[in-house]
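Peer 1: fold the following and give me the result.
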Amino acid sequence: MTPAPATDVPPQSNCPGSSPNCDCGWTNNGANCGTDDGSECFCRCCCPSTNKCNWQNGGGGGGGGGGSNCAMPAGVPSDPPAKNNRNFIDCHGKLTLGGPSGLQLVDESGAAVQLMGMSSHGLHWFPNCYTKEAIQHLTENWGINLFRAAMYVGEGGYASNPSVKQTVKDIVQWCKELGIYVMIDWHMLNPGNPNDGTYSGAQAFFEEMATLYKNEKHVLYELANEPNGVQWPAVKSYHNKIIAAIRRIDTETIIICGTPTWSQEIDKAAADPVDQPRNVMYTFHFYAGSHQGLLANVETYASQIPIFVTEWGTSMASGDGGPYLPETKKFLDTFNSAGSLGISISWAQWSYADKNEVSAALNPGACSSKSWDDTSCSGTFLKNYIKANAPTCGNTPSVTSAPDTTVPATDVPKTSAPSTDAPATAVPKTSVPKTDAPETDAPATDAPRTSAPETDAPETMAPKTNAPATDAPATKPGQTRAPATDAPATDAPKTNAPETDAPETMAPKTNAPATDAPATKPGQTRAPATDAPATDAPKTNAPETDAPETIAPKTNAPATGAPDTDAPVRTDAPATDAPSTQCKMYDACLNNPDCCPSGTQCFKNNYWYAQCLTKC
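Peer 2: Numbers count the residues shown, from 1 in each chain. Okay, here's the model as predicted:
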């Protein structure tokens, strides 16, 4: 972790090196300072006496206090009005996966939903930051509609301090009372293998959560924050076990699965999805200063698997450097309509904490003084972007095409969701009752946060650490979205996804917090539902082991063009001349091998059913 800055550096600055021993005589009191080269000594010698440091102008470099020196990138207002998103859930209810491809997060009426919110840092490290008052301020003033409760398991977290689970329960209850969604994050980071003995309590934990919250509409489960140093087969094995345990209790709630290399290798999940993919999404994490090269991956795989960006930062993977605001905005703007299908991707920013690092949204000391708007440059950008872009009950994502009227709602009865022809307003605002219940080929840039200097090649980035340096050395590297039960895109040959050869040498980011703050860094979607609300699909008749085995293998050859807008190509796709007489009715489609090839899931609103109807 980076020690406290030298005394000649402003307190809001985090210089990129680890030693304050810089001879500043060459600067002639700043007269000889040129352009910020990102070095430690430029930061320590020139920042105090000039206004030439990148962080003083909202650009790259070291450090990140907010205020007048934090310039917003083009398209982000500098002082937008407050946004109140209280009771956002009342307009949407339980979320599932749907849309024409089964890859879009949708609400009970089938309308696309995009969540924009905040992730906590380690709940056990910054307890003053996680109160109902803080989350209420974020909801009623910033306009968040999601809060992620990052419960560290290792590094002094749940494995050794089980009482932190009560904080998770409190946050779930507060979010329910405020009417926003909440993500329960099993925040595994160090060790990086989710099968490690440190995480032996995962199944029991999620069985308890599923039992408590199976009937709640606002809860999402995240199974593994950032697997690292382990290949996808091992990570998938863990996910299969936990998903099965949850589904025995809770058959509906969205589940989000972490991917290898600090949740960057979404291509691995696309090539080999989990065994029970229904209402399951996959995690993607990025840090703008280190991972610009991964933006193309999002564009490619958003049309193949359901993605949820459960963690991202404006800094480098280490948690410091920057903030890189224009680069961050490129990611966020892409999430508003990603890939050839225009999927809107939901996200949570890392992190709502007052840790002394660039990626933290608050300035040091803000939580203890309850100064919820005392934002860093990163936090100021985040707050302004959410105010300007987050959907509210009066401004929700629109559906690009109307639901298919040839599919009678009575064919797929589901008492918990409105019929396919029911208007979105059918979800009453009283529907959410309040209770008292509280691999080697992808960049490893997310590795532990170290002070390694930034380079042009992401591979050289040192990992970020999230564990407090004083009591746990964590090496926190760089965080997904649960796959849809019917996400067929993952079955298709990935001939158009060239991103599998991303840099592999990236140093993991570490999460060890600064000596004066507990942890350095522990640790989006809006696509229209064109066929019919995913919630209308019979959730009980969809086999959980539907991962087709006859799918054509994915290749690494770069795509020659954008993926087909209907869905990725697959060798077992229905013939183009599928008989229209059989497509018109659900039962006919279900039993028609031309519409639902052997080994695939065919139920109303999923990919194969939609394709059958399209041919009609």
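Peer 1: so where's the stretch 301-450 of the chain uncertain?
Peer 2: Along the stretch 301-450 of the chain, the model assigns pLDDT under 70 to residues 394-450.
Peer 1: ok, Q173 to W262 distance?
Peer 2: 30 Å (Cβ to Cβ, to the nearest Å). C-beta here means a position set from N, CA and C on the backbone, and glycine is covered the same way.
Peer 1: do the same with D373
Peer 2: Counting by Cβ to Cβ, the gap from D373 to W262 is 30 Å.
Peer 1: over to L115?
Peer 2: Taken as Cβ to Cβ, the span from L115 to W262 is 21 Å.
Peer 1: got it, and G157?
Peer 2: 17 Å.
Peer 1: neighbour count winner among the two?
Peer 2: The residue with more neighbours, out of G157 and W262, is W262; 38 against 29, by other Cβ atoms under 10 Å.
Peer 1: any idea which helix or strand carries that one?
Peer 2: helix 260-263 (DSSP states H and E).
Peer 1: in which helix or strand would I find the residue lying closest to K214 once chain neighbours are set aside?
Peer 2: In this structure, K214 finds its nearest non-sequential neighbour in D250, 3.8 Å apart by Cβ to Cβ, 6 or more residues apart in numbering. Here D250, judged by DSSP H and E, is contained in no helix and no strand.
Peer 1: surely D250 and Y213 touch.
Peer 2: Yes: between D250 and Y213 a contact is recorded at 7.4 Å, counting by Cβ atoms under 8 Å.
Peer 1: quick check, pLDDT for C46.
Peer 2: Per-residue pLDDT puts C46 at 71.
Peer 1: what does N161 give?
Peer 2: 97.
Peer 1: what do you get for R248?
Peer 2: For R248, the model assigns a pLDDT of 98.
Peer 1: one more: T198?
Peer 2: Taking T198 on its own, its pLDDT is 98.
Peer 1: number of residues surrounding it?
Peer 2: T198, neighbours per other Cβ under 10 Å, totals 19.
Peer 1: identify the residues contacting it.
Peer 2: 153-154, 159, 188, 191 (Cβ atoms under 8 Å, 6 or more residues apart in numbering).
Peer 1: could you dump the residues you listed to a markdown table with neighbour count and secondary structure?
Peer 2: Formatted as a markdown table, the contacts of T198 follow (neighbours: other Cβ atoms under 10 Å; DSSP: H, G, I helix; E, B strand; the rest coil):
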| residue | neighbour count | secondary structure |
| --- | --- | --- |
| V153 | 28 | coil |
| G154 | 23 | coil |
| A159 | 18 | coil |
| M188 | 31 | coil |
| P191 | 19 | coil |
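Peer 1: closest one of those residues to G102?
Peer 2: Distance to G102 across those (Cβ to Cβ) is lowest for M188, with 27.5 Å.
Peer 1: A helix includes K165, no?
Peer 2: Yes: assessed with DSSP: H, G, I helix; E, B strand; the rest coil, K165 lies in a helix.
Peer 1: can you tell me how far M316 is from T259?
Peer 2: Counting by Cβ to Cβ, the gap from M316 to T259 is 20 Å.
Peer 1: so what's the residue nearest to L138 when sequence neighbours are not counted up against?
Peer 2: Closest residue to L138 apart from its sequence neighbours, by Cβ to Cβ, 6+ apart: I144 at 4.7 Å. Going by Cβ under 8 Å, 6+ apart, I144 touches 85, 116-118, 138, 180, 386, 390.
Peer 1: sort out for me which of the residues you listed are in strands.
Peer 2: Among the contacts of I144, the members falling in strands (DSSP state E) are 116-118.
Peer 1: measure how buried N195 is and give me the count.
Peer 2: N195, neighbours per other Cβ under 10 Å, totals 18.
Peer 1: show me what contacts it?
Peer 2: N195 neighbours (Cβ under 8 Å, 6+ apart): 230, 234, 237-238.
Peer 1: same question for S371.
Peer 2: By Cβ under 8 Å, 6+ apart, the neighbours of S371 are 362-363, 365.
Peer 1: hang on, the earlier thing: any idea how far the residue nearest to L138 is from R86?
Peer 2: Taking Cβ to Cβ, one finds I144 at 10 Å from R86.
Peer 1: quick one, helices of this structure?
Peer 2: Secondary structure of the chain by DSSP state H: the helices cover 40-46, 132-137, 164-178, 202-213, 232-247, 260-263, 266-271, 295-301, 325-335, 377-389, 580-583, 586-590, 607-615.
Peer 1: weakest of these in terms of mean pLDDT?
Peer 2: helix 580-583 (a mean of 36).
Peer 1: wait, H92 sits on D107?
Peer 2: Yes: counting by Cβ under 8 Å, H92 sits close enough to D107 to count as a contact (3.6 Å).
Peer 1: which residues touch G339?
Peer 2: 298-303, 563.
Peer 1: try 6 Å
Peer 2: 299, 302-303 (Cβ atoms under 6 Å, 6 or more residues apart in numbering).
Peer 1: please apply the same query to N85.
Peer 2: N85 neighbours (Cβ under 6 Å, 6+ apart): 139, 143, 145, 392.
Peer 1: among these, who's most crowded?
Peer 2: N145 (30 neighbours).
Peer 1: apart from its chain neighbours, what residue comes closest to it?
Peer 2: Using Cβ to Cβ, 6+ apart, the closest residue to N145 is F88 (4.3 Å).
Peer 1: contact partners for the one you found?
Peer 2: 145, 179-180.
Peer 1: okay, those residues in JSON lines with pLDDT and distance to A269 next?
Peer 2: As requested, these are exported to JSON lines (pLDDT from 0 to 100; distance: Cβ to Cβ, whole Å):
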{"residue": "N145", "pLDDT": "98", "distance to A269": "25"}
{"residue": "G179", "pLDDT": "98", "distance to A269": "31"}
{"residue": "I180", "pLDDT": "98", "distance to A269": "27"}
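Peer 1: turn these into JSON lines, including distance to I266.
Peer 2: JSON lines is the format used below for the contacts of F88 (distance: Cβ to Cβ, whole Å):
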{"residue": "N145", "distance to I266": "23"}
{"residue": "G179", "distance to I266": "31"}
{"residue": "I180", "distance to I266": "26"}
